[in-house]
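Asker: below are the sequence and a predicted model for it; my questions follow.
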Amino acid sequence: MKPNLLDRRKFITLTGAGSAAFATGSLKYFIPEKYLQSKPKPSTNIADALKVPRTSSSMPGMLPGKVVRVLNKKSVINDLPVETEAYKMLKTSMLMLTGGKSLNSAWRMFVRPGEKIGLKVNPVAGALLSTSHAVVKSVVKQLTESGIDNKDIIIWDRRDMELKDVGFTPENYPGIKITGTEMKDENGSFYDKDGKLYGERNIDRDWFFWADVESEYDSETMPYMVNTGKYSYYSKIVTQEVDKIINIPILKNAGSSVTNAMKNLAFGSVSNTGRLHTDLWNETCAYVCAFAPVRDKVVLNITDGLRGCFNGGPAANPQFICNYYTLMVSSDPVATDRVAYDIIAEKRIAAGLLKTPNPDSLTFLKMAAELELGVFEKNKIELKTIELT
């Protein structure tokens, strides 16, 4: 008998990403480390990642430490993102980031015709707090205007069914492949006729993040993990299907920290992540991005901050969803997250949820910077901000 399937909301709660835990900051990895009882961290295979030589496109990319933020109060009307305004914001960002004289030349700095371009979106919190179609369609339009064929664009995330739930469908994106690592068939089952998870076909056992920690999953949780044990395998989407990745996260909090560029990549690219949400949350965000399939393919990070949240994240709690009217673009995911944190911290301070910014919550960014994945120090980040009228 096939196990009962688990809906997304129940899964989020079971795996420790429930709104109550994040809102209160009760999860261990969001408590500043100085308040935690010291204990050895589980071993990992991060040394294996460092053995693979870096390339010219390795993180932090072509423009380390450089972040462009564009504000536009017209980008959200009645809590709905506006595609025409998002397009303008993206165009302004790309030209300012690159110094290009044309939009075509700006995009051609990062992608070229014939390459398979993966757009890593984030639909995990549902339609209320998903990467917006206004931003994704603007990215697609500018890519095609720059000579990238629709057939070479792939919109992806970990869960195929969540992509469909929020409207990433062939009807909305004709000619573009939309796929996830974990998926169901037309009958709503995660399992094929032989009882094997479809997700098992979609992981690459040659590439993995190993950590000396494991969890047992029940029959409901297992389809969302793909495998048990101490290995988190990279998706074939990352290792085999795409040549370049454009990361399109949402401006969200996670307790007192931020879940944006690094988290979107790390937890979206590998299997068996339930075991990584406590003792190794920081390490996972940094270490998974340090392996070549992610490190060498992510060329741009485009933060969708038209709408986001400042509390209760990364789940969608309507009372904490807000309009940031913001789009950020950078080749550097670490610098992107450092700027994103300040935006969210400012909102949390204004709401009385935080007294002062808390750098203790940014351990994963410090780790990533030590791995040369980006720039963490604020005084070394070149932030350019422009407001459209």
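Answerer: Great, that's in hand.

Asker: okay, now the unreliable bits of this structure?
Answerer: 1-38 (pLDDT under 70).

Asker: try it again at 80.
Answerer: Residue ranges of the chain with pLDDT under 80: 1-39, 359.

Asker: now the helices for it?
Answerer: Counting by DSSP state H, residue ranges of the helices within the chain are 8-14, 19-24, 46-51, 83-98, 103-108, 133-145, 160-165, 198-201, 236, 261-269, 281-287, 292-295, 333-350, 363-370.

Asker: mean neighbour count and distance to Ile77 for these - can I get that in TSV?
Answerer: C-beta here means a position set from N, CA and C on the backbone, and glycine is covered the same way. What follows is the helices of the chain, written out as TSV (neighbours: other Cβ atoms under 10 Å; distance: least, Cβ to Cβ, whole Å):
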stretch	mean neighbour count	distance to Ile77
helix 8-14	16	28
helix 19-24	18	27
helix 46-51	13	44
helix 83-98	20	9
helix 103-108	17	25
helix 133-145	20	11
helix 160-165	19	24
helix 198-201	18	39
helix 236	19	39
helix 261-269	27	26
helix 281-287	24	34
helix 292-295	24	35
helix 333-350	23	20
helix 363-370	21	33
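
Asker: so which of those comes closest to Arg275?
Answerer: Shortest distance between Arg275 and those, using Cβ to Cβ, is found for helix 281-287: 9.6 Å.

Asker: off-centre distance for the closest one?
Answerer: 13 Å (Cα atoms, centre = their mean, to the nearest Å).

Asker: again with stretch 325-333
Answerer: 12 Å.

Asker: could I get the buried residue list for that stretch?
Answerer: 325-333 (16 or more other Cβ atoms under 10 Å).

Asker: nearest to Asn311, of the helices of the chain?
Answerer: Among the helices of the chain, helix 19-24 comes nearest to Asn311, with 5.8 Å by Cβ to Cβ.

Asker: how about the residue positioned nearest the centre of the chain: what's its closest non-neighbour residue?
Answerer: The chain has Asn264 as the residue nearest its centroid, 1.6 Å off, counting by Cα atoms, centre = their mean. Once flanking residues are discounted, Asn264 sits nearest to Pro249: 3.8 Å by Cβ to Cβ, 6 or more residues apart in numbering.

Asker: now do the same contact list for the one you found.
Answerer: 120, 122, 131, 259-261, 263-264, 301, 303-304 (Cβ atoms under 8 Å, 6 or more residues apart in numbering).

Asker: ok, those residues vs Ser75, which is closest?
Answerer: Nearest member of the contacts of Pro249 to Ser75, counting by Cβ to Cβ, is Asp304, at 10.2 Å.

Asker: surely Lys141 touches Thr84?
Answerer: No: using Cβ atoms under 8 Å, Lys141 is not in contact with Thr84; the gap is 10.5 Å.

Asker: the lengthiest strand in the chain - contacts with which helices or strands?
Answerer: Scanning the chain for the strand with the most residues, using DSSP state E, yields strand 298-309. Counting by 3 or more Cβ pairs under 8 Å, 6 or more residues apart in numbering; DSSP states H and E, the packing neighbours recorded for strand 298-309 are helix 83-98, helix 133-145, strand 244-247, strand 252-254, helix 261-269, strand 321-330, helix 333-350.

Asker: touching the fifth one from outside, list them.
Answerer: With Cβ under 8 Å, 6+ apart as the test, helix 261-269 has contacts from 120, 122, 157-158, 234-235, 238, 245, 247-250, 254, 273, 276, 284-289, 293-294, 298, 301, 303, 314, 333-334, 336-337, 340, 364-365, 368.

Asker: Ser215: which of the helices and strands packed on strand 298-309 is closest?
Answerer: Short answer: helix 261-269, nearest of those by Cβ to Cβ, at 14.6 Å.

Asker: would you mind measuring from Lys366 to Glu220?
Answerer: Distance from Lys366 to Glu220, counting by Cβ to Cβ, to the nearest Å: 36 Å.

Asker: likewise Ser75?
Answerer: 39 Å.

Asker: next one: Met62
Answerer: From Met62 to Glu220 the distance is 44 Å (Cβ to Cβ).

Asker: distance to Lys384 added to the helices and strands packed on strand 298-309, as TSV?
Answerer: Formatted as TSV, these follow (distance: least, Cβ to Cβ, whole Å):
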stretch	distance to Lys384
helix 83-98	6
helix 133-145	19
strand 244-247	19
strand 252-254	23
helix 261-269	17
strand 321-330	10
helix 333-350	11
